[in-house]
Structures are given as structure tokens and as C-alpha cells.
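Colleague: Pasting a predicted model and its sequence here:
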Amino acid sequence: MARSTPPDGFYELLAPHLPPEPSVGPNGGRPPVPHRVVLRVLWHVLATGARWEDVPPELGCSGRTALRRLRAWQERGAWARLHAEPLRLLERAGRLDADAVVVDSVHVRAFGGGQRAGPSPVDRRKPGSKHTLMVDRGGVPLAIRTAGANASDHTQILPVVLDYPRVGGTAGRPKELPDELYADRGYDGDATRSLLAWLGVEPHIARRRTPHGSGLGRVRWVVERTISWLKGLRRMRVRYDRLAVVQDAWHSLAASVICYRLLHEDYAHAG
């Protein structure tokens, strides 16, 4: 199980992207919960999968307060900026290889349904969502998108490619799209290949109804490993939050956690 407290340094990475700490009003009242305490609660929920109502009081903040901050920071773009920061540091360290990307998806149960949920074709049509991931050649998560579980893979590949991050950290203009893309048979389609080629992205997508053994698995395995890391954060195994804005916040936070651990080699021996 993922550790339920943030590692040293993670808050310092996040803090510059947060709004100013709230202060007590002129009429007094209870002091607002500090951002650091809120992050501790959010990390606990992400790592353990706990419900908002089950957040331990000793963490210093109620689950509902943490949820409100999670959503507010997403609406301010804080989580997206946080994700960009470890990507920049990985790029500067020469540990980001995003010229080629790998795409795959994972289905999760969506209790209660909600936005971007649909009947799951792999779970007896119970409400579910599909997370589509794009990673670099080493498995660094670059983008995560959510759709209903019944969404076809080939309808999700172009939106996630267009979410390709413009990563700074080195001299020159950041790339706007990858040079190559690898994906499995679920994304097969001549229209998809044509659109990717038109965008300047060379597609390496296995074709349906052809024998296995194309060799693409030697490149694609890293996205399956990243999916396992994502599911190690238990809040990402099952979807409880109905609002898309909250789910998007979890995506950026989870991707940031994985990038931070890769930056500090917490996953160096994972395989």
C-alpha cells in the first residue's frame, strides 16, 4: 500500500502554486485550516482510499474541508501546475523521454455514477469510468483523461494526445506533440492513424485480427507498470466522486505523486 503521509519536500513543491493561506477575518472566528494540513488529508485519502467521512480527526482537518480545497485548487489550475513541476525537473535531469509516448487505459468502478461514467462492458454494465493514460518511454505519466466505461478506446486516443504537456526545463521551445505513439489493438483504426500522422505523430498501433508477436509489447509494457502504480494509490482503484472536476484533480495529484517518486527514485526498482 502507498504511504499515507506526504514525503518531505512534496508540500514545498506544491506551495508556490497554491493561493495565499486564508486568514482570520476582522471579526475573529476559528482560524482556517493551513494548506499543509489539507494536503496531509488529501494524501491520506489518495493513498488509503478512505471515504471523506472516515478521515481521522487527528489529521487536523475534516474530509469535507479537504474536498472543498481539492476542488477549489483544481478550478484555480493548481494541480495542473503541480504536475508540470516534477515533469520539468525530470526533463532538466535528463530523465524524461517524451519524444515517444505510450497510451493505454484502465476501467474502474464508479459507485453512484456521476459525470464521465457509463455502463461498463467488463463489469456487467455497472457504472464505471475509463482512465486513459499517456506515459513517456520510461513510464512517466504525462496525461490522464476520464470517460465513461463504455467509451471506445479509439475515441479517447486523440484527446489524450492533445493533452501532451509543454514541458520546460531545458533550452529551446517545448515540444507541443510527441514524435511517436505506441498503443495496443484497442486503438486500431485507419482514421486514427491518419489523424495522428496529420498531426506529425508516427503511430505504432497493433492491428486487429493479426497474429500476436509484433514486438510492440517491448515498448508498451511501461504503461502497464504505471497503471499498477496508479492503482497502488487506492483512491484511484474505485471512483467515488461524481464530479468531473474532482476526478480531474485526483488525476493531477496522482500523476504528480508518481512523478515525484520517480524523481526521487522511490520506484527505481519497481518492475
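Modeller: Thanks, I have it. Because the structure is predicted, anything quoted here is derived from the model rather than measured. Residues are numbered from 1 along each chain as shown.
Colleague: hey, let's count contacts and neighbours off CA atoms from now on
Modeller: OK.
Colleague: Pull stretch 49-57 out as CSV, backbone CA atoms only.
Modeller: Output of stretch 49-57 as CSV, limited to C-alpha atoms (Å, rounded to 0.1, in the frame of the first residue of the first chain):
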residue,chain,number,x,y,z
GLY,A,49,-8.9,5.1,-0.5
ALA,A,50,-10.7,6.3,2.7
ARG,A,51,-14.1,8.0,2.4
TRP,A,52,-14.3,11.7,3.2
GLU,A,53,-16.4,10.8,6.2
ASP,A,54,-13.7,8.4,7.5
VAL,A,55,-10.8,10.8,7.7
PRO,A,56,-9.3,10.5,11.2
PRO,A,57,-9.8,13.7,13.3
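Colleague: Need the residues that contact it.
Modeller: Residues outside stretch 49-57 that contact it (Cα atoms under 8 Å, 6 or more residues apart in numbering) are 41, 44-45, 62-64, 67, 233-236.
Colleague: So which residues of this protein form helices?
Modeller: 10-14, 35-48, 63-75, 78-92, 157-162, 190-198, 217-232, 244-263 (DSSP state H).
Colleague: circling back: hmm, which of the contacts of stretch 49-57 are the buried ones?
Modeller: Buried members of those, counted by 16 or more other Cα atoms under 10 Å: 41, 44-45, 62-63, 67, 233-236.
Colleague: and which of the contacts of stretch 49-57 is nearest to residue 263?
Modeller: Checking the contacts of stretch 49-57 against residue 263 by Cα to Cα gives residue 233 as the nearest, at 17.5 Å.
Colleague: quick one: the closest one and residue 43 touch, right?
Modeller: No: in this structure, residue 233 is not within contact of residue 43 by Cα atoms under 8 Å, at 9.4 Å.
Colleague: In the stretch 101-250 of the chain, where is pLDDT below threshold?
Modeller: Low-confidence segments of the stretch 101-250 of the chain (pLDDT under 70): 169, 171, 210-215.
Colleague: what's the span of stretch 192-207, first residue to last?
Modeller: 12 Å (Cα to Cα, to the nearest Å).
Colleague: chain center to that stretch: distance?
Modeller: Offset of stretch 192-207 from its chain centre (Cα atoms, centre = their mean, to the nearest Å): 23 Å.
Colleague: Quick check: buried residues in that stretch?
Modeller: Counting neighbours by 16+ other Cα under 10 Å, stretch 192-207 gives 192-193, 196, 201-203, 205-207 as buried.
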